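> fold the following for me, if possible:
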Amino acid sequence: NLVGLAALEALLSDAAQPYAALATVAPLPAGTSTLAQLVDGIAATGHGLVMVMGKGGVGKTTIAAAVAVELAHRGLPVHLTTSDPAAHLADTLSDTVPNLSISRIDPAAETARYRDEILESKGKDLDAAGRALLEEDLRSPCTEEIAVFQAFSRVIREAGRKFVVMDTAPTGHTLLLLDATGAYHRDMVRQMGDKGLHFVTPMMQLQDPARTKVLIATLAETTPVLEAAALQADLERAGITPWAWVVNQSVAAAGVRSPLLVQRAGNEVRELDAVLTHHARQVALLPLMAEEPVGAAALTALASSA
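Numbering: from 1, shown residues only. Just a heads-up that it's a prediction; the model follows:
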């Protein structure tokens, strides 16, 4: 990995660089789990929200789909949804799986639905000038944030009676959604707190480990691990404690023999040690695969203990 001054200088040098091939892969650090073992812990609660978070390109969609398919194979009702604008979920899982429904939080569709609801309720008694003013207000960027937050809130409520597995948008988009969730929570506390009324906001549900399990997806490389640790710190400041990390596409777990890949596997072991020592409470390790896991059968192989 091109990390550090020496590595960057070597990249710009014309001199031949020595290659120190390792004879064998360093042993994996103790304490890692399989994705199947994580699913065992998730399934034990009977229902709840599972959110797979992380930067783009680390395999969040694959991990979320694998968890959802395995829960469904165990006879549990599951709703698999995505808030990722790229919406790769349909490409990863196009099969029909018993006990599993699939949806997408589409910002454009949710914004249009929210705009129509507001115009029908608040705008029905307005004159032409008042309705035009309301329509202009609804073209604000805040409208999309509110609409997506409402869709997100519906998903959270649904997790009270079944499993909802969410493939989230890349980190920046997800943190904006959590900001809106936090703002709503603070507003509810301000309005309801002094009245002594019992209430549960979406943020309170996200902060409750009995209701929500956050899986942070990453790769066993320096930058993805640092970005995952930064995401975890942001979540913890919001009172949300990640339940587990999933290290995806691990060369060290793939049983490689090529000298180049053995070298890369050795680099990964150092990153895995850092994750286990400093960041994660539990870690599942997924090996690098020759073919991308697409479809119910391939996803089942990732998360099944059979």
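> any idea how far residue 156 is from residue 203?
Counting by CB to CB, to the nearest Å, the separation of residue 203 from residue 156 is 9 Å. Placement of C-beta: from N, CA and C, glycine included.
> so how far is the one helix or strand residue 154 maps to off the chain centroid?
Per DSSP states H and E: residue 154 is located in helix 141-158. Put simply, helix 141-158 sits 17 Å off its chain's centre (CA atoms, centre = their mean, to the nearest Å).
> swap in stretch 121-135?
So, by CA atoms, centre = their mean, the centroid of stretch 121-135 is 39 Å from its chain's centroid.
> pull the contacting residues for residue 247.
Residues in contact with residue 247 (CB atoms under 8 Å, 6 or more residues apart in numbering) are 32, 218, 219, 220, 272, 275, 283, 284, 285, 286.
> mind doing that once more with 6 Å?
218, 220, 285 (CB atoms under 6 Å, 6 or more residues apart in numbering).
> most neighbours, which of those?
Neighbour counts for these (other CB atoms under 10 Å) peak at residue 218, which has 30 neighbours.
> next, that residue: secondary structure please.
Recorded secondary structure, residue 218: strand (DSSP: H, G, I helix; E, B strand; the rest coil).
> so who does it touch?
With contact taken as CB under 6 Å, 6+ apart, residue 218 is in contact with 54, 58, 224, 225, 228, 247.
> swap in 10 Å and give it another go.
If you count contacts by CB atoms under 10 Å, 6 or more residues apart in numbering, residue 218 has them with 53-55, 58-60, 224-229, 231-232, 245-249, 271, 275, 279-280, 283.
> narrow those residues to those that are buried.
Those of the contacts of residue 218 that meet the buried threshold are 53-55, 58-60, 224-225, 227-229, 231-232, 245-249, 271, 275, 279-280, 283, by 16 or more other CB atoms under 10 Å.
> circling back to that earlier point, so which bits of the helix holding residue 154 are buried?
Of the residues in helix 141-158, 143-153, 155-156 count as buried by neighbour count, 16+ other CB under 10 Å.
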